Structures are given as C-alpha cells and as structure tokens.
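Peer 1: Sequence plus predicted model, see below.
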Amino acid sequence: MNMKQIEGGVTAPKGFEAAAAAAGIKYENRTDMALIYSKTPCSAAGTFTTNLVKAAPVKWDAGVVKNGGSVHAVIVNSGIANACTGQEGYGYCMETAEAAANALKIPAENVLVASTGVIGMQLPMERIKSGIQLLAASKNAQIESGTAAARAIMTTDTEKKEIAVRFELGGKEVTIGGMCKGSGMIHPNMCTMLAFLTTDAAISREMLQKALSADVKDTYNMISVDGDTSTNDTALLLANGLAGNPQITEENEDYHTFLKALNMVNTYLARKMAGDGEGATALFTVKVIHAETKEQAAVLAKSVITSSLTKAAIFGHDANWGRILCAMGYSGAQFDPEKVDLTFESAAGSMKIIADGVALDYSETEATRILSEEEVIVIADIKMGNAEATAWGCDLTYDYVKINADYRS
C-alpha cells in the first residue's frame, strides 16, 4: 500500500480522541483549549526549544519525555504562554496535569501540557480547570474533534493546520496524524512552536525519539518566519501501538518506512506554518542544489529565507537577486559567488536570472509575474557537489509589524 494523505489529523490513528473547549483564557467567543487522549498509554518522543528562556510547559514535558514515562493525554491552551512565570508557573503545569488526571482517571505523570500566547502572564487556573472538565466530557474519536482541537490551539494563525497519512507496516495499516500552530516567533532550533503528532504504530520509545529528532532537522528546523526562536517550541510524538504491526525496535525497513511517513507529515505542517507567517502573502521556498554537504546547503538556504531585505523584495514581487546573493555571502558557508546560478520559479513559470554570478538579460515584467504567486521558489545552484537542502519562509509585509506592534493589547 502506498503512502497516502487522508482526511483528518490527530484522531485519524486508532485509539486517539480529541476535544476543544472555550475556557475564556484570553480570547472571547472562540475555543482556546484542546485535548489529545489515547485509550491506552503511549510511548512518547519530544523535541524542545533551544532558547535558554524555556516556558514552564517545556520544562514539564521535557522531564516526562526524558524519564521515559508513558503519556496518556496532552492538554494545550492558547492565549497565555506560561513563560517567564517562575515557580508559580511551573506549579500550574502540575495543577493542570492533576486536574486532567482526575477528570480522565489517569496518573498525573502521564499528562503532558503545552501553552502558547503572551509571555509573562500567569494562567487563570480556575478557567483552565473548568476547561479540562469540558474537554474530558466532550472528547471523542471523530475527525471533526481533531479539527476542532487544531483550531483551538491557534493564536495569530489564520487557519488550522492538520494532516494524516496512511501506510503499511508489517502487513498492518498504520496511520500518523498531526496538528500544529505557528505564525509568528517562528525560527525553530530543534522544533517548532507547537506540533502534536499521533500514531498507532508499534515502535519503541528509543526508535520513536530517534525518528523525531532526525526528522525535525529537515522540516521544522528549516522554516523561519521572523528569526525569533520561541520560548515554547515543542514537538511531541505519541505512539500507542494499536495498529498491531511488529514492534519497530531497530533501524530496519519498517523504521525507514515510518520515517518517510513522519517526514511527509512534518514537511506538510512546516510548510503550512511558513506560508501562514504573520501577515504573509506568499510561501517563500529556497532550494540550494549541488552543494558539497547537506549542512552547507542548509546554512545557505536558511540565510536567504531569514533575510529581511529578501523577504521584503518577495512581498514587492521584485526580482532583486542581489539580496539573495548577499544573504548567501554572509551565511558563514563557503562557496564561489562567481559560479552561482539563480532561478526563480512559481506556478506562473520558471526563469534563470543569473548564471555564474552575473545577471542574464531577463524581463523584469516576466520576473514580477513569476514572483506574484502564492508560493515563490528560488533555486540556487552552487556547483560544488551533489548535496541539497530546502528551507521555507514567507514574505515580510506591513501587516507583520501591525500584528506584532499591538499583540498584547
């Protein structure tokens, strides 16, 4: 059976349930809490922010995951990040886990928590606890419940982000589902803002962690909206084994198939976040080809998608290729500028604009037409080897400043 995308998100794999609730944490007239629940305890893997300022939920979850504890449920709130909240904030993680444990009849140490929103405010625990009661009462395995959960975790996101992929392992049908949120303060180092992945695959905790850690390097770590690495970055992957495939305990063929499906899910979610960057009008993709090493290609590609001048040019549909070459030049990676070819691509066509570091005779009007699509791709050929890497970003618009100038008010 081929790998195929199916309808749904976190509730698509067997045994997973979800719910959303309006707890009134910061937003009015919209859901702001979500639950992911597995009928049986799960193996869990996670990657977390490399920012030295780590939110309380990151510390809580990292402790559970690193100690190898089983995970039965995840409680997420939007509106308040529970970051820079000291011991009180960490205590609220424990209170949240305990409230969920009571409502769901599971051990508190099997509950993960996640928060997103404003930094520095304490969680309104009475509202959180009321929200947990609503979540526990309404959870179910329907596709719509997964979608509702994906909507509830949004902050400045303009759309929910979810996907599910079905494939075969050891003759059994296996599914990976996922949802994420992220629109601003996106420049991950280890993982993204918030991503929650579920699977019914039978796989050991060690191999689950190995798969997630390997894949974030090519997916979430290759996106940037604004160069700001969040305090709350968390990617969690839960596996309950209910698909009944032979358990993956080593890097065999089944492991590589699982990794391929996981990459499909994470790439989709990463691209969705980059394209939904705050105020963005375009997904900006940069592919560096014929590099000496993958690391070199990744450094160059990320340097271009994080360049404010390049991002502004993409917003203006301006083929200002000098900014791209400039961003490659200060990236720290070594290459020969006089051997670089640059090509602009989109649904409107493809056009090589420089060859061996020098501009070709191209039409600015045609270039603008190509740069006016919803996804704009730059291909940089550095002619040094056979390695390549792709990074995803977005354009820099007036609205990005507006959204972030008055985010708290």
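Peer 2: That came through fine.

Peer 1: So for the longest helix along the chain, what gets flagged as buried?
Peer 2: The single longest helix within the chain, with elements called by DSSP state H, is helix 253-275. Within helix 253-275, the residues that count as buried by 16 or more other Cβ atoms under 10 Å are 254-255, 257-259, 261-275. To be clear about C-beta, it is placed using only N, CA and C from the backbone, and glycine gets the same treatment.

Peer 1: ok, now stretch 366-386?
Peer 2: Under the neighbour-count criterion of 16+ other Cβ under 10 Å, stretch 366-386 has 367, 370-371, 373, 375-382, 384 buried.

Peer 1: what's the farthest-apart pair in those residues?
Peer 2: Based on Cβ to Cβ, the longest span within the buried residues of stretch 366-386 runs between Glu373 and Met384 and measures 29.4 Å.

Peer 1: what are the ranges of the helices in the chain?
Peer 2: With DSSP H, the ranges of helices along the chain come out as 56-66, 86-104, 125-138, 143-152, 205-216, 253-275, 294-305, 308-315, 321-329, 364-370, 398-405.

Peer 1: okay, the angle between the second one and helix 56-66?
Peer 2: What that stands for is helix 86-104. Orientation note: helix 86-104 sits at an angle of 60 degrees relative to helix 56-66 (axes from the mean of the first three to the mean of the last three Cα atoms, to 10 degrees).

Peer 1: Phe48 is in contact with Lys54, isn't it?
Peer 2: Yes - taking Cβ atoms under 8 Å as the contact criterion, Phe48 and Lys54 are neighbours in contact, 7.2 Å apart.

Peer 1: Overlap of the contact sets of those two?
Peer 2: Where contact means Cβ atoms under 8 Å, 6 or more residues apart in numbering, the residues bridging Phe48 and Lys54 through contact with each are Ala62.

Peer 1: who's more crowded, those two?
Peer 2: For Phe48 versus Lys54, neighbours defined as other Cβ atoms under 10 Å are more numerous around Phe48 (22 against 19).

Peer 1: Please state the offset of stretch 398-409 from the chain centre?
Peer 2: When distances are taken as Cα atoms, centre = their mean, to the nearest Å, stretch 398-409 is centred 22 Å away from the chain's centroid.

Peer 1: should've said stretch 231-246
Peer 2: So, by Cα atoms, centre = their mean, the centroid of stretch 231-246 is 15 Å from its chain's centroid.

Peer 1: Val58 and Asp32: what is the separation?
Peer 2: Using Cβ to Cβ, to the nearest Å, one gets 19 Å for the distance from Val58 to Asp32.

Peer 1: And Tyr400, by the same measure?
Peer 2: 23 Å.

Peer 1: Among these two, which residue is more densely surrounded?
Peer 2: Here Tyr400 and Asp32 are set side by side on neighbour count (other Cβ under 10 Å), and the busier one is Asp32, at 28 against 22.

Peer 1: How confident was the prediction at the more buried one?
Peer 2: Model confidence at Asp32, expressed as pLDDT, equals 97.

Peer 1: So it sits against Asn77, correct?
Peer 2: Yes - taking contacts as Cβ under 8 Å, Asp32 lies within contact range of Asn77: 6.2 Å.

Peer 1: got any residues that touch both of the two?
Peer 2: Taking Cβ under 8 Å, 6+ apart as the contact criterion, the residues that touch both Asp32 and Asn77 are Ala23, Ile25, Gly131.

Peer 1: now, which of those residues sits nearest Asp361?
Peer 2: Minimum separation from Asp361 among these (Cβ to Cβ) is found for Ile25, which lies at 57.3 Å.

Peer 1: The closest residue to the closest one other than its chain neighbours: how many residues sit nearby?
Peer 2: Counting by Cβ to Cβ, 6 or more residues apart in numbering, Gly79 is the residue found nearest to Ile25 once chain neighbours are left out, at 4.1 Å. Other residues near Gly79 come to 21 when the count uses other Cβ under 10 Å.
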